[in-house]
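[1] When you get a sec, could you give me coordinates for this:
(one chain, ligands or ions: 1)
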Amino acid sequence: MKANNLIIDSISKTYKKGKIRANDNISLELYPSEITALIGHNGAGKTTLLNQIIGNAKPDSGDITYKGISLVKNSKVARELVSIMPQFHAPLEGVTLRQSIESILRIKGVSEKQVHLCTKQVLKDLDIEQWADQAGNKLSGGLQRLTSFAMAVAYPSDIILLDEPTNDVDPIRRKLTWQYMRKLAKEGHMIFVVTHNLLEVEQYTDRYILLNKGRIIRDDSTAVISNDYVSNVMIVSLHDTDELHDLPEAETSEYKEDEMQLVLTLSENQVSNAVNWLMELIRQGKVLNYKFTSATLDMQYGGMIDGE
Ligand SMILES: Nc1ncnc2c1ncn2[C@@H]1O[C@H](COP(=O)(O)OP(=O)(O)OP(=O)(O)O)[C@@H](O)[C@H]1O
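    Predicted coordinates for the structure are as follows:
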């Protein structure tokens, strides 16, 4: 256990007189310089967890500590040590994109010189300078989200909580957003990010926590996703479904009617037999197209939740 880790110890949080267990005995340690993704179905308890870390909600039991300080007992300190980008951005009425960022930095007590420098830098890094002086409430949904992200990260605290930062954001700026998070992680910040985008989790984060019904059901490095499970996936589009009667041996086989695709997940020793089967069908002209890939988090997600 290191002093600079964020320690979440047996947190429970209920609503509606205990009828909803939003967080159910969660214990977790988060590390500086890491990007950790928090994933799970709608209502799994992700936002509730973030709100307790920053002191916006108080757990029924358990504690959250950082550098020996209880963030539960010291919500004012929590707000100094933690930055949050909330799921729903505040309406940006009467201010421009630039002013929204500047005002949050002034609230944090940043010097006027730094306010301008940091704002300029984040606008540049996210490639949103061209909208800097546009009225906040006239910005598109994606730009409002980027503004909200910029407000949370322009002068970052040790711990940064982000609730779905890339939703509605275009592909280029999504990438810039993740690059920005990586830059902060390299500087030693701790990034805890809620997202439903599993491809981005695999591509950009170091670790993922899967919540289901308020409990942690998986806590893994994203590097092991492909090795942890059956990693060979063969996807075949067939001219007709007759061939589905005589499939090669596989860990799982699923025919996706809508996409007309057969998806086989194969263990190492099943691969060569499956390839022979595929080659034979290709020779007979029965295959529209095919590809091999490794099992992704996206493919495994349903199974992880169902297994609970
Ligand atoms: N203030 C509240 N009052 C009552 N119930 C609440 C409150 N906040 C959250 N809940 C309930 O707690 C559960 C967890 O909600 P939470 O918002 O943490 O989930 P989530 O994983 O962030 O969901 P989503 O992915 O949809 O944002 C849900 O059943 C939700 O309805």
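
[2] and the helix or strand that contains S12, C-alpha only, in CSV?
    Assigned by DSSP states H and E, S12 falls within strand 6-15. Output of strand 6-15 as CSV, limited to C-alpha atoms (Å, rounded to 0.1, in the frame of the first residue of the first chain):
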residue,chain,number,x,y,z
LEU,A,6,-6.4,6.4,-3.4
ILE,A,7,-7.8,3.8,-1.1
ILE,A,8,-11.5,3.0,-1.3
ASP,A,9,-12.3,0.8,1.6
SER,A,10,-15.6,-1.1,1.9
ILE,A,11,-17.8,1.7,0.6
SER,A,12,-21.6,1.1,0.6
LYS,A,13,-24.2,3.6,-0.5
THR,A,14,-27.9,3.1,-0.6
TYR,A,15,-30.8,5.2,-1.8
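
[3] Pull out the buried positions in it.
    Of all the residues in strand 6-15, those buried under the rule 16 or more other CB atoms under 10 Å are L6, I7, I8, D9, I11, S12, K13, T14. The C-beta positions use only the backbone N, C-alpha and C, and glycine is treated the same way.

[4] okay, the second one: pLDDT?
    For I7, the pLDDT comes out at 97.

[5] Look up how far the ligand lies from it.
    With distances taken as CB to the nearest ligand atom, to the nearest Å, I7 is found 20 Å from the ligand.

[6] Setting aside sequence-adjacent positions, which residue approaches that residue most closely?
    Of all residues not flanking I7 in the chain, T65 sits nearest, at 4.9 Å (CB to CB, 6 or more residues apart in numbering).

[7] returning to what we had before: helix or strand right after the strand holding S12?
    As assigned by DSSP H and E, the chain's next helix or strand after strand 6-15 is strand 20-30.

[8] Which residues outside the strand holding S12 are in contact with it?
    Strand 6-15 is contacted from outside by 1, 20-31, 45, 48-49, 52-53, 57, 59-66, 159, 190, 214, using CB atoms under 8 Å, 6 or more residues apart in numbering.

[9] Okay, now the unreliable bits of the stretch 101-250 of the chain?
    224-231 (pLDDT under 70).

[10] show me what contacts the residue nearest the centre of the chain?
    The centre of the chain sits closest to T195, judged by CA atoms, centre = their mean, with a distance of 3.3 Å. By CB under 8 Å, 6+ apart, T195 lies in contact with A37, L38, I39, E164, P165, T166, V201.

[11] near the ligand, from the contacts of strand 6-15?
    For the ligand, the contacts drawn from these by CB under 6 Å from any ligand atom are I20, A22, G45, T48.

[12] pLDDT score for the third one?
    If I follow you right, that is G45. pLDDT, read off for G45, is 96.

[13] That one contacts N23, doesn't it?
    Yes: with contact defined as CB atoms under 8 Å, G45 counts as touching N23 (4.9 Å).

[14] Give the bridge partners for the residue nearest to L28 when sequence neighbours are not counted, please.
    Closest residue to L28 apart from its sequence neighbours, by CB to CB, 6+ apart: I8 at 4.3 Å. In this entry, I8 is beta-bridged to L28, I64, by DSSP bridges.

[15] coming back round to it: from the ligand, how far out is the residue nearest to I7?
    As judged by CB to the nearest ligand atom, T65 and the ligand stand 21 Å apart.

[16] tell me the contacts of that residue?
    T65 sits next to L6, I7, D9, L71 when contact means CB under 8 Å, 6+ apart.

[17] how about the strands in the stretch 1-150 of the chain?
    6-15, 20-30, 35-39, 61-66, 69-70, 82-85 (DSSP state E, counting those that start in this stretch).

[18] For these, give me TSV that also has distance to L247.
    Compiled in TSV, the strands of the stretch 1-150 of the chain are given as follows (distance: least, CB to CB, whole Å):
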stretch	distance to L247
strand 6-15	45
strand 20-30	41
strand 35-39	31
strand 61-66	49
strand 69-70	57
strand 82-85	46
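
[19] on that earlier part again, closest one to E249 out of the buried residues of strand 6-15, please.
    For those, the residue nearest E249 by CB to CB is I8; the value is 43.4 Å.

[20] helix or strand right after the helix or strand containing L184?
    Assigned by DSSP H and E, L184 falls within helix 171-186. Following helix 171-186 in sequence order, the next helix or strand is strand 190-194 (DSSP H and E).

[21] need the next SSE after that following strand, C-terminal direction.
    helix 198-204.

[22] With the ligand in mind, check whether that following helix reaches it.
    No: Helix 198-204 stays clear of the ligand (CB under 6 Å from any ligand atom), getting no nearer than 13.2 Å.

[23] Buried ones in that helix, by neighbour count?
    Across helix 198-204, burial judged by 16+ other CB under 10 Å covers L198, E200, V201, E202, Y204.

[24] Tally up the residues packed near the residue in the stretch 51-200 of the chain positioned nearest to the ligand, please.
    Taking CB to the nearest ligand atom as the measure, the point where the stretch 51-200 of the chain comes nearest the ligand is Q87, at 5.8 Å. Residues near Q87, counting by other CB atoms under 10 Å, number 17.
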